[in-house]
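Undergrad: Take this sequence and fold it.
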Amino acid sequence: MRISFDLDDTLFVNSDKFAVEKPLRFPLNRLFKERLRLGTIDLLEQLRSLGIEVWIYTTSFRSERYIRGLFRCYGIRLDGVVNGKRHAIEVQSDKREPMPSKYPSKYKIDLHIDDDISVKQNGDTYGFRVMIIGENDSDWTRKIIKRVEQISQSNL
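TA: So this is what the prediction gives:
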């Protein structure tokens, strides 16, 4: 199974609005200023221990190297990264009609986690699974694990 996560306002959050993981130590905290939503590290470790591939799928133009580096500093190995540049080349390409901002099925992603309802609407239209995580959801990691279990059971 393959799961992807959005970054901005899903895993990368504002520490004034969200509980966050401990910051990286100096000097890494100067290079990687984003703060991870509390529970991210444990969740991604748990998913990987279950044999699930963990991907990032973001519309941001942060480099793949930067994204992988940040997660590596927290001890998380990512299986794949789709950023805005890769999406533009591989998904939008030379198509005349605009494609959705994210298209996880292109990368055989079974579930995408996001905060943006328009991504969910695109999933309904284009046939890919999206789970929306709200800003004030303190139980978000348990809900993701439960959804993963449901998908795994339906794939048997």
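Undergrad: got the contact list for the closest residue in space to Lys106 that isn't next to it in sequence?
TA: With sequence-adjacent residues excluded and distances taken as CB to CB, 6 or more residues apart in numbering, Lys106 is closest to Val91, at 5.5 Å. All C-beta spots, glycine's among them, are computed from the backbone N, C-alpha and C. Going by CB atoms under 8 Å, 6 or more residues apart in numbering, Val91 touches 99, 103, 106.
Undergrad: I figured the second one was touching Ser93, is that so?
TA: Put plainly, it is Tyr103. No: in terms of CB atoms under 8 Å, Tyr103 does not count as a neighbour of Ser93; the distance is 11.0 Å.
Undergrad: which one of those two has more residues nearby?
TA: Taking neighbours as other CB atoms under 10 Å, Tyr103 and Ser93 compare with Tyr103 leading, 21 against 9.
Undergrad: which residues does the more buried one contact?
TA: 87, 91, 122, 126, 128.
Undergrad: any chance you could map the strands in the protein?
TA: 2-5, 12-13, 35-36, 53-57, 80-82, 111-114, 130-132 (DSSP state E).
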